[in-house]
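K.L.:
dropping the sequence and predicted coords here.
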Amino acid sequence: MPGPDRLPLGGGSGGARDVTRRSIVERSRVWYLRAELEQGRHLITIADTSLGFAVIGAGRLGASFALALRARGASLLGFTAGSSAGRARAEAWLGGHACDGLAGLVSLAPRLFVIAVPDQDLPAVAADLGARLATVAPTAAANRSGPPVVAHTSGATSVDVLGPCMEAGATALAFHPLQTFSDPATGSGRFVGAAIAITHSASQADRAGADFGFALARLLGARPFLLPDHKRSLYHAAAAFACNYLVTLEHHAEALFVDSGLPREQALSLFLPLVRATLDNIADQGPVRALTGPLSRGDTGTVGRHLEALRADAPHLLGVYRVLGLATLELLRLRGEVDPPVVDELSSLLSASDETPGPRSDGPGA
């Protein structure tokens with residue numbers, strides 16, 4: 001009988017262990033999991049290396065994923081990288097040697113294939129992997145205790161891109177961490193508490209993909225949720241607002257601070273406490289209540305001076321300021337603390353047209 005440290009990962013009936021229905025309670029400082037094991041469910045074990053997995057595209061996310069799974073007791077059987085430089089980085093992060101291609105990975109018969117390649121490469125990788133899985137001998141499938149599971153980590157791409165793998169008998173899912181991964185050394189720890197968007201294919205009769213994804217996320221200490229396939233692009237656009245464009249804004253804020261006189265080498269450290277306090281306020285009060293600054297007060301004079309300063313010293317950002325200001329007026333209306341005529345005046349002020357060049361590409365203070 002399996003020990004109490006095993007989690008269910010949905011799969012087919014081939015090679016299933018005879019497991020009677022029972023509950024598992026995993027407690028830790030940061031998460032609580034109760035999972036019901038059903039007859040015929042395959043298992044993943046925290047304490048040993050019963051989950052063998054491979055990573056296709058061991059870049060920043062792929063390597064972070066690999067390190068996180070390995071820390072939970074899973075076995076990294078192999079990985080690939082997309083270039084010679086990427087291969088060198090992956091080998092430094094993960095140790096060992098990268099496989100030359102998918103043939104080497106498939107021959108290792110991992111239970112789980114994680115595809116963490118750029119979105120534009122997903123169709124070709126899925127087609128190649130599916131073709132190779134279709135040729136795997138039945139004995140290799142038996143060695144992995146069930147059909148292979150293929151998960152891609154793209155936020156915007158449909159799970160149906162994995163169609164060739166499903167046609168070869170694999171269980172497919174999309175597994176997108178709502179988290180940022182700039183360095184595997186820190187990224188491997190960022191799965192704990194992170195939200196994971198799970199999408200399984202409607203073309204597969206059961207929910208094996210969703211079951212596997214939820215158990216895998218909980219193994220990592222993450223918070224899984226189901227995401228409809230047709231909403232993945234909208235969801236990913238929201239992530240771009242929340243993360244990617246925040247970085248863009250702070251880059252341009254740094255440039256403006258340097259242009260206004262802050263020491264170049266200290267500017268970032270001087271204004272990051274403001275950014276962190278803003279995020280804390282959003283967490284504590286929500287975005288509408290967390291808004292501060294001249295717009296929140298209906299201060300048309302200060303907003304006008306901002307526009308004049310940008311027009312003189314940073315015209316490439318004038319249009320960005322106007323668009324963000326107009327978008328912020330929605331928060332003012334929701335709060336109801338600024339009189340409607342003042343909000344209308346701010347709208348007119350921010351809507352005035354200017355001929356503004358596109359954003360410049362140079363660094364802070366250049």
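P.N.:
The structure has been received and is ready for your questions.

K.L.:
output stretch 106-122 as CSV, nothing but the C-alphas.
P.N.:
Taking C-alpha atoms only, stretch 106-122 is exported to CSV below (Å, rounded to 0.1, in the frame of the first residue of the first chain):
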residue,chain,number,x,y,z
VAL,A,106,11.3,10.0,-25.2
SER,A,107,13.7,7.0,-24.9
LEU,A,108,13.9,7.7,-21.2
ALA,A,109,10.2,7.1,-20.8
PRO,A,110,9.3,9.9,-18.4
ARG,A,111,5.8,10.0,-17.0
LEU,A,112,5.6,13.8,-17.5
PHE,A,113,6.9,16.0,-20.3
VAL,A,114,7.0,19.7,-19.5
ILE,A,115,7.1,21.9,-22.6
ALA,A,116,8.4,25.3,-21.7
VAL,A,117,9.4,26.7,-25.1
PRO,A,118,8.3,30.0,-26.7
ASP,A,119,4.7,30.1,-27.9
GLN,A,120,5.7,30.2,-31.5
ASP,A,121,7.6,27.0,-31.2
LEU,A,122,4.9,25.0,-29.5
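
K.L.:
pull the number of nearby residues for Leu349.
P.N.:
17 (other CB atoms under 10 Å). The way it works is simple: take the backbone N, C-alpha and C, and place the C-beta from them, glycine included.

K.L.:
got a list of what Gly213 touches?
P.N.:
Counting by CB atoms under 8 Å, 6 or more residues apart in numbering, Gly213 makes contact with Ala151, Leu173, Phe175, Ile196, Ile198, His200, Pro224.

K.L.:
enumerate the beta-bridge partners assigned to the second one.
P.N.:
Applying DSSP bridges to Leu173 gives these bridge partners: Ala151, His200.

K.L.:
now for the contacts of Gly213, which pair is the farthest apart?
P.N.:
Every pair in the contacts of Gly213 was compared (CB to CB); the two farthest apart turn out to be Ile196 and His200, at 12.9 Å.

K.L.:
quick one: stretch 335-343 to chain centroid distance?
P.N.:
37 Å (CA atoms, centre = their mean, to the nearest Å).

K.L.:
mind listing what's buried along it?
P.N.:
Within stretch 335-343, the residues that count as buried by 16 or more other CB atoms under 10 Å are Val338, Val343.

K.L.:
and it, how far apart are its ends?
P.N.:
12 Å (CA to CA, to the nearest Å).

K.L.:
domain map for this protein?
P.N.:
6-227, 234-351 (automatic domain parsing).
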